[in-house]
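Novice: could you look at this predicted model? Sequence included:
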There are 2 protein chains.
Amino acid sequence: MQNTIKIAIIGYGNVGRGAVKAIGRNADMKLACILSRSPERVRKELGDMVSVFTADSIDELKKADVAILCSGSKDDLPIQGPFYAKYINTVDSYDNHSQALSYFKAMDNAAREAGTVSCVSIGWDPGTFSLQRVMGNALIPGSKTYGFYGTTPKGGISMGHSDAIRRIDGVQDARQYTHAIPEAIESARSGESHELKPGDMHWRECFVVAKDGADTTKIEHEIKNMEGYFASYKTIVHFVSQEELDVKCSGFPHDGLVISSGKTGDSNGALIEYRNVWDSNPEATANILVAHARAAKRLADENRRGAFTILDIPPAYLSPHSREELIRSFL
Amino acid sequence: MQNTIKIAIIGYGNVGRGAVKAIGRNADMKLACILSRSPERVRKELGDMVSVFTADSIDELKKADVAILCSGSKDDLPIQGPFYAKYINTVDSYDNHSQALSYFKAMDNAAREAGTVSCVSIGWDPGTFSLQRVMGNALIPGSKTYGFYGTTPKGGISMGHSDAIRRIDGVQDARQYTHAIPEAIESARSGESHELKPGDMHWRECFVVAKDGADTTKIEHEIKNMEGYFASYKTIVHFVSQEELDVKCSGFPHDGLVISSGKTGDSNGALIEYRNVWDSNPEATANILVAHARAAKRLADENRRGAFTILDIPPAYLSPHSREELIRSFL
C-alpha cells in the first residue's frame, strides 16, 4: 500500500461536504484540513473532526499533498484556482464549457511556474462525459455524439435554471427539472437522426413558489419566454407551496447519457452509450474530484507539471490498485 | 495536422479486414502493408490496393510506424506478439483474461528490450470495458461492477461457445447467442443485488445444424451439460438447416453492458453504465485497435517504452485532435 494521501478541501459548500465523505470512503486518503472564508460556520458544522483554517492559511495548506477546490466556477475558481496552484497540487471541477480553454491555460501557467500539478474541469460534465465524447469520436470515426440529461422519471435538477427562475419578480423559490425526451434518445441510438435541436431532446419542468399576491400568469409567461433558458423548450410550470417544494424537491438528483452512434466497416451499426445516475449531483462531483486527487499526487510524484484535464490522465492513476492488480482483477 | 501514421496489419482474418476499413476512416492514417502466412489468399482478396508480404518480411514491416496484430489470442499472439515487438510498435487485442498478466509481462520485456511500445489487450472486452470497470471502482468506492452481454433482442454471438458446439459429434455447424436476463440488469442497477451468479445473468441460445442421421436428442443433452460452457445456464437449442443458419445467423453482432452501482456520501445511490452495441464484433475490435495505433505512435514519439494496457494511456492519445481542439469542442 502506498503512503496515505493528505487532502485539503478549499471551500465548504455541497461539493466540499461530499468531498469530506468521499475521502472517508478511500482507505489510502486522509482529510488534512479545510480552508474556508467562513471557518466559524464550518467548525460549527463539523466540530473537532478536522482542522479548519481561514482561506489564506497557506502554511497549513502546504502540509497537504493535494487541495480539492470546491468553490463555484462563476466567480471563485477563475481567481482561486491560479492563486492556490502556486502553493499546492490542485483538483477542481471548473464547469463553464465556453471558458474552459482560457481557464486551462491560466491554471497551466500557474502550475508550471510553481512546479505543481492542477487537474482541471474534473466532474461528470465536464469530466467523465468529456472522456466519452472523445472516446466515441476516436473509436467510431464519423460518429455523432449526443448528450441527454434527466433520463430518469424524476429528471435532473438544473441549478442554473432554478436560479434563473428565482430571479423573476414575484418568485419566492423554485426548482427546475430537466427531462430527456425518450423518442429523441431512440433516434440518437438509431444513428439515423443527424440533427437533433435542443428542444427536440429535452423538456423542462419547473416547480415554483410564488410570493403572496404575485401574478402567477405573468411569472409563467416570463419563465416560458426566457431566452437561453426556456424559450426553445417545451416547459411546464407547476405552482406549489414552499412546504410542497421542500418535500417534493429535496436533494440534488441528476443524471445524463452520452450516445455516440455511427458505423464500422462499410455499413455496420456501432453504438457506445455512457450513463451516470446520481441521487446527489454534488456528491458525485466530489467523488470524481477525490479520485483525481490520487492522480494529481501520482503525476506530481513523477515530476509532471502544469494543468491536466481528464483526457490527459492514464485511467489507472485514478485507482488505488497496483498495475498488477488492475490487470489481474479488472482488465 | 500531424504526419500520416503508417500502419502495418499482421494477420488477415475478420479483424484484419475490419482494420483495413477502419484505417480508411481515419484521415491521419495510411495502410502501409499486410503481413500474412498466406499472402496469396490476401492478394487475391485485395488485389493491388495494398502490398502483401509473407509473415517474416521484417524489412518491409519496419517501414511502418505501428503494426496491428490481428491473429488469434489462443495460439498465435503468445508467440507472434513478443516476436514482432522486437521490430516495431504493436497493438493487439489479446483477450484471454486469465493469461493477460503473463502476456503483458512477456510483451513488456520484449518491447523494453527493443525500445518499442506495445499496446496490449486492446478491444472492447478486455479494453473499453476494462476501463469502465476501473473507473467504476475508483469513482464509486465500494461499488459492485457487473458485466452483461447480449442486451439486444438478437443477443450477441459467442465464437468460443459456437466452436464448442461444433466439436460435438454429429454437429455440422452451429452459432451460439448469449442473452442478458433483463431482470438481472435491473437488479444490478438497483444496487441491491449483491451477488448475481452467471446463470442468473445470462441464458444461451444455440442454433445447430446436425449431420444427416445424427442423434439430435443426444446432441442437445451434450450441449446442455457441457461444463464451463452451458451447464450452469438456461440453454435453448434450435436445430436448423444449414440454409436457415446461413441466413438467420449471418454476421457477428455482439454487445455488452458494464454496470457499476453503489453509494456516494452516506446513502445516496450512484450508478455508472457503459454499453457497446456492435453489428460487427471484429470490426469493432479493429476500430479500437486502430485508434490505439495512434496512441502507440504518440507514446513512441515521447520515447516511452514497454507494454501499455488501455488503463495506462491518456485518452487524448486516441484522438486525432489537438489538445486545444479537444478542450474547445469535446470537454
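Specialist: Yep, that arrived. Everything quoted here is computed from the prediction, not taken from an experiment.

Novice: for residue A:191, what are its contacts?
Specialist: A:143-144, A:261-263, A:269, A:271 (CB atoms under 8 Å, 6 or more residues apart in numbering or on different chains). C-beta: built from backbone N, CA, C; applies to glycine.

Novice: which stretches of the stretch 51-200 of chain A form strands?
Specialist: If DSSP state E, counting those that start in this stretch is used as the criterion, the strands of the stretch 51-200 of chain A fall at A:52-54, A:66-69, A:89-92, A:117-119, A:144-149, A:156-157, A:171-180.

Novice: what distance do you get for the spatially most central residue of chain A to chain B?
Specialist: By CA atoms, centre = their mean, the mean C-alpha position of chain A lies nearest to residue A:123, the distance being 3.8 Å. Residue A:123 sits 11 Å away from chain B, going by CB to the nearest CB, to the nearest Å.

Novice: you'd agree residue A:215 is up against residue A:170?
Specialist: Yes. With contact defined as CB atoms under 8 Å, residue A:215 and residue A:170 form a contacting pair (6.4 Å).

Novice: go ahead and confirm the residue nearest to the centre of chain A touches residue A:93.
Specialist: Yes. Judged on CB under 8 Å, residue A:123 makes contact with residue A:93 at a distance of 3.9 Å.

Novice: intersection of neighbour lists for those two?
Specialist: Going by CB under 8 Å, 6+ apart, residues that sit against residue A:123 and also against residue A:93 are A:285, A:288-289.

Novice: highest neighbour count among the residues you listed?
Specialist: Each of those was scored by neighbour count (other CB atoms under 10 Å in any protein chain shown); the top score is that of residue A:289, with 30 neighbours.

Novice: rewinding a little: how far away is the residue nearest to the centre of chain A from residue A:55?
Specialist: Relative to residue A:55, residue A:123 is positioned 22 Å away (criterion: CB to CB, to the nearest Å).

Novice: likewise residue A:86?
Specialist: 14 Å.

Novice: give me the contacts around stretch A:154-165.
Specialist: Outside stretch A:154-165, the residues that reach it (CB under 8 Å, 6+ apart) are A:149-150, A:171, A:174-179, A:204-206, A:208, A:223, A:226, A:229-230, A:249, A:251-256, A:281.

Novice: which ones among these also lie next to chain B?
Specialist: Of the residues in the contacts of stretch A:154-165, proximity to chain B by CB under 8 Å from any CB of the partner chain holds for residue A:251.

Novice: just the buried ones among the contacts of stretch A:154-165, please.
Specialist: The neighbour-count criterion (16 or more other CB atoms under 10 Å in any protein chain shown) marks A:149-150, A:171, A:174-179, A:204-206, A:208, A:223, A:226, A:229-230, A:249, A:252-256, A:281 among these as buried.

Novice: now the helices for chain A?
Specialist: Secondary structure of chain A (DSSP state H): helices located at A:14-24, A:39-46, A:58-61, A:77-85, A:100-114, A:128-139, A:159-166, A:182-190, A:198-201, A:216-224, A:242-248, A:281-301, A:323-329.

Novice: what packs against the fourth one?
Specialist: Just to be clear, that refers to helix A:77-85. strand A:66-69, strand A:89-92, helix A:100-114 (3 or more CB pairs under 8 Å, 6 or more residues apart in numbering or on different chains; DSSP states H and E).

Novice: show me where pLDDT drops low in the stretch 151-300 of chain A?
Specialist: A:193-194 (pLDDT under 70).

Novice: name the residues of it found near chain B, please.
Specialist: In this structure, the stretch 151-300 of chain A approaches chain B at residues A:251, A:264-266, A:268-280, A:283-284, A:286-288, A:291, A:294, judged by CB under 8 Å from any CB.

Novice: of these, keep whichever come out buried.
Specialist: Once neighbours are counted (16+ other CB under 10 Å), the buried part of these comes down to A:264-265, A:268-280, A:283-284, A:286-288, A:291, A:294.

Novice: re earlier: who touches the residue nearest to the centre of chain A in this structure?
Specialist: Contacts were defined as CB under 8 Å, 6+ apart; by that measure residue A:123 touches A:93, A:95, A:284-285, A:288-289.

Novice: at 6 Å what do you get?
Specialist: Taking CB atoms under 6 Å, 6 or more residues apart in numbering or on different chains as the definition of contact, the neighbours of residue A:123 are A:93, A:285, A:288.

Novice: from these, pick the one nearest chain B.
Specialist: Taking CB to the nearest CB as the measure, residue A:288 is the one of the contacts of residue A:123 closest to chain B, at 5.4 Å.

Novice: surely the closest one and residue B:141 touch.
Specialist: No. Residue A:288 is beyond contact range of residue B:141, at 11.5 Å (criterion: CB atoms under 6 Å).

Novice: residue A:85 reaches residue A:111, doesn't it?
Specialist: Yes. Using CB under 6 Å as the test, residue A:85 is close enough to residue A:111 to be in contact (4.7 Å).

Novice: shared neighbours of these two, anything?
Specialist: By CB under 6 Å, 6+ apart, the residues touching both residue A:85 and residue A:111 are residue A:118.

Novice: just to revisit the earlier point, so residue A:86 and residue A:55 - more neighbours on which side?
Specialist: Looking at residue A:86 and residue A:55 with other CB under 10 Å, you find the greater number of neighbours at residue A:55, namely 17 against 14.

Novice: isn't that one up against residue A:37?
Specialist: Yes. Contact between residue A:55 and residue A:37 holds when scored by CB under 6 Å: they sit 4.9 Å apart.

Novice: which residue ranges make up the domains of chain A?
Specialist: Structural domains annotated on chain A: A:5-125+A:282-329, A:130-278, as defined by automatic domain parsing.

Novice: so of those, which one's packed in deepest?
Specialist: The densest packing among the domains of chain A, expressed as mean neighbour count by mean count of other CB atoms under 10 Å in any protein chain shown, is seen in domain A:5-125+A:282-329 with a mean of 21.

Novice: ends of that domain, what's the gap?
Specialist: 23 Å (CA to CA, to the nearest Å).

Novice: how far does it sit from the chain's center?
Specialist: For domain A:5-125+A:282-329, the separation from the chain centroid amounts to 13 Å (computed by CA atoms, centre = their mean, to the nearest Å).

Novice: can you check stretch A:168-183 too?
Specialist: Taking CA atoms, centre = their mean, the mean C-alpha location of stretch A:168-183 is offset from the chain mean by 19 Å.

Novice: restrict that stretch to CA atoms and write it as PDB.
Specialist: Written as PDB, here are the backbone C-alpha positions of stretch A:168-183 (Å, rounded to 0.1, in the frame of the first residue of the first chain):
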ATOM      1  CA  ILE A 168     -38.000  36.600 -11.600                       C
ATOM      2  CA  ASP A 169     -40.100  39.300  -9.800                       C
ATOM      3  CA  GLY A 170     -42.700  37.600  -7.500                       C
ATOM      4  CA  VAL A 171     -40.900  34.300  -7.200                       C
ATOM      5  CA  GLN A 172     -40.000  33.100  -3.700                       C
ATOM      6  CA  ASP A 173     -38.300  29.800  -4.500                       C
ATOM      7  CA  ALA A 174     -38.000  27.400  -7.500                       C
ATOM      8  CA  ARG A 175     -36.600  24.100  -8.700                       C
ATOM      9  CA  GLN A 176     -36.100  23.200 -12.400                       C
ATOM     10  CA  TYR A 177     -36.000  19.600 -13.500                       C
ATOM     11  CA  THR A 178     -34.600  18.800 -17.000                       C
ATOM     12  CA  HIS A 179     -36.200  15.800 -18.700                       C
ATOM     13  CA  ALA A 180     -34.800  13.900 -21.700                       C
ATOM     14  CA  ILE A 181     -37.300  13.100 -24.400                       C
ATOM     15  CA  PRO A 182     -37.300   9.300 -24.900                       C
ATOM     16  CA  GLU A 183     -38.100   9.400 -28.600                       C
END
